[in-house]
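Novice: give the three-dimensional model of this entry:
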Amino acid sequence: MSFDAALYRQRRQALLQQLGPDGIAIVFAAPEQRRSNDSDFPFRQDSYLHYLTGFPEPQAVLVLDGAAQTSTLYCRDKDQLREIWDGFRYGPEAAKEVFGFDAAASISQWQNGFQAALEGHGQLWALWGLYPEHDAEVLRLWQPVQQRAGQRAATVCTYAPEALMDLSRPLNHMRLYKDAREIELLRRAGSISAHGHVRAMQYVRPGVYEYQVEAELLYHFMQHGARYPAYNSIVGGGKNACCLHYVENKDILNDGELLLIDAGAEYQLYAGDITRTFPVNGRFSTAQKDVYEIVLAANIEAIAAVRPGANWLDITHQAVRTLTQGLVDLGLLKGSVDGNIESEAYKRYYMHGLGHWIGLDVHDVGGRFAERQPILLQPGMCTTVEPGLYIAAADDIPAHFHNIGVRIEDNVLVTADGCENYTHEVPKTVAEIEALMAG
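Specialist: Sure, this is the predicted structure:
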């Protein structure tokens, strides 16, 4: 999809208006990360900076001046030698033109430029704690300006920020509501992810390794425009499916086991996040099917409940009830459903939440509460729905249930009159999965 500088300018302008004439804000690019010795991991831009600028390079700083209502980018200079070794750089002049900043300058000037801009503002906004090394730099620059304020000659009145404000608060609220372009990118990430899961289902058979299945996923992602996965893929067979964040992906897949795949493509920095669970040999055993159907019912019920005005806590509570009822019916929990919910006995088998926001980050920002009140679902919000049951082998559990780990996860957009499951292209009923694997 083509770059739209006007969209990023609109986002910066919306944030500048919230800062008001008293505010100045600073946002840093993500740091480059060392992998080993002199080799780095592939660079991935900070989500906040990307959201506001679309600028893809490291060593960049964005300063937003609420009084002047302007945005200034500090970035790397053009450098022919470094570009021969490391690739293209925009440089300040091209960055200003292409990305629509009011001004741009060399990254070597950001400290002096930022310190000079602090004067005349009462509030300093930053993403405190995100990059602690930058927190120290910002505070070091702020302190002398704050100390000088009010100490000039009587004919000159100056002031500097006295309030240190959390920039994540307005930005997280903005990012919680996806605009039309973001929704388009998320749908694309979801579709690529879904078809990657289909490919994996068609590939799997007893005797292959988990990492070989992961390779099929990554191949599909890259072939369809997603250069990287959105997170480390989970490909867990048998007992590994009962480890929520298993990413070693090193074991062989055995006949009679289930395979849980939690994987998603990142498309233009927007995340897909799908989980499917299916039998390695293509046919569910009776016990596997019984557990699977419980999780599937919770998934379908929860998605059906997503609509404007819905309370995520209510949806979560219903999912917990469905899962707990199923565990009681299977004899894995004793006593009443209400009693097992009240005592949290169900958490032996279901120990995570029902879902999370999804967007530029796979676990996207925004939170589920604001001002200590639940955030009700509204159009433009995107969430995962991912109930699961994990039955590790234990002496008090019948052997036919041992090492059955099931999670079913979809990505859902809240619409004006309900919701859209935009990862529906990958099968999830028992009949659909078995038919696909048999074909």
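Novice: where does pLDDT dip in the stretch 301-439 of the chain?
Specialist: Residues of the stretch 301-439 of the chain meeting the criterion pLDDT under 70: none.
Novice: any chance you could map the strands in it?
Specialist: Secondary structure of the stretch 301-439 of the chain (DSSP state E, counting those that start in this stretch): strands at 369-370, 373-374, 382-385, 388-391, 404-407, 410-414, 419-421.
Novice: counting by contacts, list what the helix or strand hosting K96 packs against.
Specialist: Assigned by DSSP states H and E, K96 belongs to helix 91-99. Packing partners of helix 91-99 (3 or more C-beta pairs under 8 Å, 6 or more residues apart in numbering; DSSP states H and E): helix 5-19, strand 70-75, strand 103-106. C-beta: built from backbone N, CA, C; applies to glycine.
Novice: in the stretch 251-400 of the chain, which spans are helices?
Specialist: 286-305, 312-330, 337-342 (DSSP state H, counting those that start in this stretch).
Novice: pLDDT below threshold where in the stretch 1-150 of the chain?
Specialist: For the stretch 1-150 of the chain (pLDDT under 70), the answer is 1, 150.
Novice: please enumerate the helices of it.
Specialist: 5-19, 47-53, 80-86, 91-99, 110-118, 132-148.
Novice: let me know which of the ones you listed is tucked in deepest.
Specialist: Comparing the helices of the stretch 1-150 of the chain by mean neighbour count (mean count of other C-beta atoms under 10 Å), helix 47-53 comes out on top with a mean of 22.
Novice: check which helices and strands that helix sits against.
Specialist: helix 5-19, strand 23-28, strand 61-65, helix 168-176.
Novice: so how far is that helix off the chain centroid?
Specialist: Distance, stretch centre to chain centre, for helix 47-53: 14 Å (C-alpha atoms, centre = their mean, to the nearest Å).
Novice: send the alpha carbons of it over as PDB?
Specialist: Output in PDB follows, covering the C-alpha atoms of helix 47-53 (Å, rounded to 0.1, in the frame of the first residue of the first chain):
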ATOM      1  CA  SER A  47       5.100   1.700  17.200                       C
ATOM      2  CA  TYR A  48       4.400   5.100  18.600                       C
ATOM      3  CA  LEU A  49       6.900   6.900  16.300                       C
ATOM      4  CA  HIS A  50       5.500   4.900  13.300                       C
ATOM      5  CA  TYR A  51       1.900   5.800  14.200                       C
ATOM      6  CA  LEU A  52       2.800   9.500  14.200                       C
ATOM      7  CA  THR A  53       5.300   9.600  11.300                       C
END
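Novice: can you start the count at 28 instead of 1 from here on
Specialist: From this message on, residue numbering opens at 28, which makes the last subject helix 74-80.
Novice: taking the centroid of the protein, which residue is nearest it?
Specialist: V389 (1.8 Å; C-alpha atoms, centre = their mean).
Novice: can you say which of the strands of the stretch 328-466 of the chain is nearest to N139?
Specialist: strand 396-397 (37.6 Å; C-beta to C-beta).
Novice: who's in contact with stretch 321-333?
Specialist: Outside stretch 321-333, the residues within contact range by C-beta atoms under 8 Å, 6 or more residues apart in numbering are 304, 341-343, 345-346, 349-350, 353-354, 356-357, 381-382, 404, 410, 412-416, 433-437, 439, 441, 445-446, 448, 455-457.
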